[in-house]
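Asker: Predicted structure and sequence below. I'll ask about it afterward.
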Amino acid sequence: MITNDRWRRPGWLETLTGLIAYGMLIFLFALLMGLLPSNDAVVLGVVGSTAGGFVCVGAFAASYSLRIRNLRPFGFKRVSPRWLLTAAGMGIVGYGLNLIIQFTYLAWFGANDPQGILHAAARGGLMPFLLSFLGGAIFTPFGEEILFRGVVANALNRYGVFAGVVLSSIIFGLAHGVSVILPAAIMVGVLCGILFRATGSVWPCVIVHCVYNGMNSIASAVGFAPMQ
């Protein structure tokens, strides 16, 4: 159950500011990617794996700077180890669901991998793998959770379960583009949205996301990912 906090929670102002900042920063990163050598998929993958982290932390900072100026209302709250273990288990379940989604997509639509450069970075050697893992499995999940759960889901939770979990997850999915990543991102968003609504904390959500992305990165490195 979500409990009232003595600090005001984020609302529409923080949500819209964060999403607009997200769009602007994504555009700037796209321009940056265009300056990199287009034939070096490993470099593109390493940079691309960290892009979401920088973009989301920047967008969160824009939301944070408006009026609340305190991290607790954004879900920076301690939770019991039980919730963190539950989150790790949900991350593993999420990865299994992701495999079902990807194999189903392959069966229906054939190969069309929007994350090819991320797979290339994971398989590009020890250093590219470590850099892409730190960026894609730790930094980016942190950034995405503090924005999409700490701000967006947090603000929508006041309108009920559907808005706080389902609608915020759809927004999170659309932020990843319309591809096979869309249903997988919505699925992760639902798992994280449920945990955030239950705990009021972003940390279990970060754990889910880190475990999920980490398993994806390792699978890519060993050649197990369905799309690569």
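Answerer: Nice, thanks for sending it over.
Asker: any idea where the helices of the protein begin and end?
Answerer: 12-35, 41-64, 81-109, 116-122, 126-134, 140-147, 154-156, 161, 168-174, 181-199, 203-221 (DSSP state H).
Asker: Name the stretch among those that sits most buried.
Answerer: With neighbours taken as mean count of other C-beta atoms under 10 Å, the helices of the chain reach their highest mean count in helix 140-147, at a mean of 26. To be clear about C-beta, it is placed using only N, CA and C from the backbone, and glycine gets the same treatment.
Asker: what packs against that helix?
Answerer: Counting contacts by 3 or more C-beta pairs under 8 Å, 6 or more residues apart in numbering; DSSP states H and E, helix 140-147 packs against helix 41-64, helix 203-221.
Asker: and the longest one, what does it pack onto?
Answerer: Other elements packing on helix 41-64 under the criterion 3+ C-beta pairs under 8 Å, 6+ apart are helix 12-35, helix 116-122, helix 126-134, helix 140-147.
Asker: Those helices into JSON lines, with extra columns for distance to residue 73 and mean pLDDT?
Answerer: Formatted as JSON lines, the helices and strands packed on helix 41-64 follow (distance: least, C-beta to C-beta, whole Å; pLDDT from 0 to 100):
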{"stretch": "helix 12-35", "distance to residue 73": "9", "mean pLDDT": "95"}
{"stretch": "helix 116-122", "distance to residue 73": "33", "mean pLDDT": "82"}
{"stretch": "helix 126-134", "distance to residue 73": "28", "mean pLDDT": "94"}
{"stretch": "helix 140-147", "distance to residue 73": "12", "mean pLDDT": "98"}
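Asker: ok, back up a step: okay if I get the helices of the chain as TSV plus distance to residue 70?
Answerer: Conversion of the helices of the chain to TSV gives the following (distance: least, C-beta to C-beta, whole Å):
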stretch	distance to residue 70
helix 12-35	12
helix 41-64	9
helix 81-109	22
helix 116-122	35
helix 126-134	28
helix 140-147	14
helix 154-156	13
helix 161	26
helix 168-174	21
helix 181-199	18
helix 203-221	17
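Asker: and the lowest-mean-pLDDT helix or strand in the chain, C-alpha only, in PDB?
Answerer: Lowest by mean pLDDT, DSSP states H and E among the helices and strands of the chain is helix 116-122, with a mean of 82. Provided in PDB are the C-alpha atoms of helix 116-122 (Å, rounded to 0.1, in the frame of the first residue of the first chain):
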ATOM      1  CA  GLY A 116      22.100  -5.000 -32.900                       C
ATOM      2  CA  ILE A 117      24.700  -2.500 -31.800                       C
ATOM      3  CA  LEU A 118      24.100  -3.400 -28.100                       C
ATOM      4  CA  HIS A 119      24.700  -7.100 -29.000                       C
ATOM      5  CA  ALA A 120      27.900  -6.100 -30.900                       C
ATOM      6  CA  ALA A 121      29.200  -4.200 -27.800                       C
ATOM      7  CA  ALA A 122      28.500  -7.200 -25.500                       C
END
